[in-house]
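Participant: Please find the sequence and the predicted model below.
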Amino acid sequence: MRHWPGTIRMIRRVTFAILWTLLACPVQAVLLRRSGRGKERFALIYWRVLARLIGLRITLHGTPASATARPVLFIGNHSSWLDIVALGATMPGCFVAKGAIAGWPGISIIARLGRTIFVSRDRAGVRSETNELTQRLDDGDNLILFPEGTTSDGTRVLPFNSTFLAIAAAPAQPTIQPITVVYDQLDGLPVRRQNRPIVAWYGDMDMVSSIRRILPHDVHVTIIANDIVQETNRKILATKLESLISTQAARVRQGRDWTVR
């Protein structure tokens, strides 16, 4: 009996999320056929509404870089599928996602309408996939990339893989902006180590069980849009970004003072 309110809340949120998605998909499909930034702006609206519908509250510190003369490469840490909603609602860009998502029923459609770029991360396909990312930057698209390559348990930031950071030296000369993402409140209380797995999605956790864990709760996420980083060497860039984001994320998790860096 005591679990019923959470279950009802989860069912209500899933239902409204599906209805909103069904309404939004045809609109985005039309915008994809048109030139301009309409598809990018509507994607932001879609994710913002979805965030509210599933009980995700977002606090953004700093200002996302604007693609004026150059496209933007947003680099963030990754611990949950909620990252897609949170960053989709705040960063105007296309996600770079693992190739397996392209085969997920329903989710793959949303990803394709959002112009997600799917990558395998295996050595054989790196060159062609890097070329595709470079071409998208040349076309003026902003990209959102998770260099960890997989999700963490939320208690730490995993080592950054420098492979796809080679696109920092692309002819489009993208602006590089580090983004720190920390889930710091659950139902209005601080997220601690013992309940962080409720929000995190990692290892062999499946999507359905993760949704069942998360959606009965109200979740708050702090997103920090940090200062622009000037660096084109992929290995040096990976080290700089990992150090900045991991240090900042730790301070947010611990409730310590931090600044936009």
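Facilitator: It's in.

Participant: What segments of the stretch 151-261 of the chain are strands?
Facilitator: 175-186, 189-190, 219-225 (DSSP state E, counting those that start in this stretch).

Participant: Of all the ones you listed, which one is nearest residue 61?
Facilitator: Nearest to residue 61 among the strands of the stretch 151-261 of the chain is strand 219-225 (4.8 Å), distances taken as Cβ to Cβ. No exception for glycine: its C-beta is placed from N, CA and C like everyone else's.

Participant: Parallel or antiparallel, which strands does that closest one pair with?
Facilitator: Its sheet considered, strand 219-225 pairs with strand 56-61 (parallel), strand 175-186 (antiparallel) by DSSP bridges.

Participant: Rebuild the strands of the stretch 151-261 of the chain as CSV, extending it with mean pLDDT.
Facilitator: As requested, the strands of the stretch 151-261 of the chain are arranged in CSV below (pLDDT from 0 to 100):
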stretch, mean pLDDT
strand 175-186, 97
strand 189-190, 94
strand 219-225, 97
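
Participant: So which of the ones you listed is nearest residue 54?
Facilitator: In terms of Cβ to Cβ, the element of the strands of the stretch 151-261 of the chain nearest to residue 54 is strand 219-225, at 8.4 Å.

Participant: mind listing what's buried in stretch 172-185?
Facilitator: Neighbour-count burial for stretch 172-185 flags 172, 174-185 (criterion: 16 or more other Cβ atoms under 10 Å).

Participant: again with stretch 189-197
Facilitator: For stretch 189-197, by 16+ other Cβ under 10 Å, it's 191, 195-197.

Participant: Tell me the one of these nearest residue 148?
Facilitator: Checking these against residue 148 by Cβ to Cβ gives residue 196 as the nearest, at 16.1 Å.

Participant: What segments of the stretch 101-250 of the chain are helices?
Facilitator: Secondary structure of the stretch 101-250 of the chain (DSSP state H, counting those that start in this stretch): helices located at 107-113, 126-138, 196-199, 207-214, 234-253.

Participant: Distance to residue 14 and mean pLDDT for the ones you listed - can I get that in JSON lines?
Facilitator: Output for the helices of the stretch 101-250 of the chain, formatted as JSON lines (distance: least, Cβ to Cβ, whole Å; pLDDT from 0 to 100):
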{"stretch": "helix 107-113", "distance to residue 14": "13", "mean pLDDT": "89"}
{"stretch": "helix 126-138", "distance to residue 14": "32", "mean pLDDT": "91"}
{"stretch": "helix 196-199", "distance to residue 14": "17", "mean pLDDT": "91"}
{"stretch": "helix 207-214", "distance to residue 14": "7", "mean pLDDT": "92"}
{"stretch": "helix 234-253", "distance to residue 14": "28", "mean pLDDT": "96"}
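
Participant: Nearest to residue 78, out of these?
Facilitator: For the helices of the stretch 101-250 of the chain, the distance to residue 78 is smallest for helix 234-253, at 10.3 Å, taking Cβ to Cβ.

Participant: Hey, what's the angle from the longest helix seen in the chain to helix 207-214? Just curious.
Facilitator: The longest helix of the chain (DSSP state H) is helix 4-32. Calculated by axes from the mean of the first three to the mean of the last three Cα atoms, to 10 degrees, helix 4-32 forms an angle of 120 degrees with helix 207-214.
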